[in-house]
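In: next comes the sequence, and after it the predicted model I'd like to discuss.
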Amino acid sequence: MSDHLLTVSSASTRLPAASKTVLAAVRAVSRDGVRALLLAYRVATTRRVLRDLDARLLADIGVTPAQARNEADRPPWHLRPGRPGGHKVRTTGPLLAAVATAWGRWHSRRVLATLDARLLKDIGASATEAATEANKPFWRA
């Protein structure tokens with residue numbers, strides 16, 4: 001049995017350069033996989049603790065209880081922080097880019113229609129300008 005181990009270990013030293021490269025790549029991938037699992041575990045643990053924090057501690061870190069619950073409910077493989085307004089649409093082509101742009105216009109115009117006079121003054125728009133923009137169809141820039 002020790003002869004077999006000796007043969008295997010001596011054979012690994014005589015591997016061609018390409019095989020050594022593949023072996024190094026496999027080791028790197030497995031190392032990255034372990035790192036990813038450890039990161040997912042750490043994220044899951046942190047989110048579990050976040051759910052249990054009281055309102056005072058959440059206020060200290062600048063998070064509302066609702067935001068803490070939303071973050072705690074996310075799966076551990078979602079590593080980037082969630083956006084308050086929803087998720088960013090990732091486009092891969094011109095058609096999806098056009099749809100994302102149209103949806104962004106529609107959403108912005110719906111929000112603009114709900115603003116009161118004080119908020120419109122803050123952004124430098126009058127009520128008539130806001131109404132004109134809010135009533136435009138989504139396909140018009």
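Out: Okay, I see it.
In: CA only for contacts and neighbour counts going forward, please
Out: Fine.
In: mind listing what's buried along stretch 124-138?
Out: The neighbour-count check on stretch 124-138 (16 or more other Cα atoms under 10 Å) flags A130, E133, A134, F138 as buried.
In: ok, these vs L115, which is closest?
Out: Ranked by distance to L115 (Cα to Cα), the buried residues of stretch 124-138 are led by A130 at 8.7 Å.
In: got the phi and psi for that closest one?
Out: When read as degrees, to the nearest 10, the backbone of A130 gives phi -70, psi -40.
In: rewinding a little: same list (the buried residues of stretch 124-138) but as TSV, adding distance to D73 and secondary structure.
Out: Below are those laid out as TSV (distance: Cα to Cα, whole Å; DSSP: H, G, I helix; E, B strand; the rest coil):
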residue	distance to D73	secondary structure
A130	37	helix
E133	37	helix
A134	34	helix
F138	33	coil
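In: among those, which pair sits farthest apart?
Out: So, those by Cα to Cα: farthest apart are A130 and F138, at 14.6 Å.
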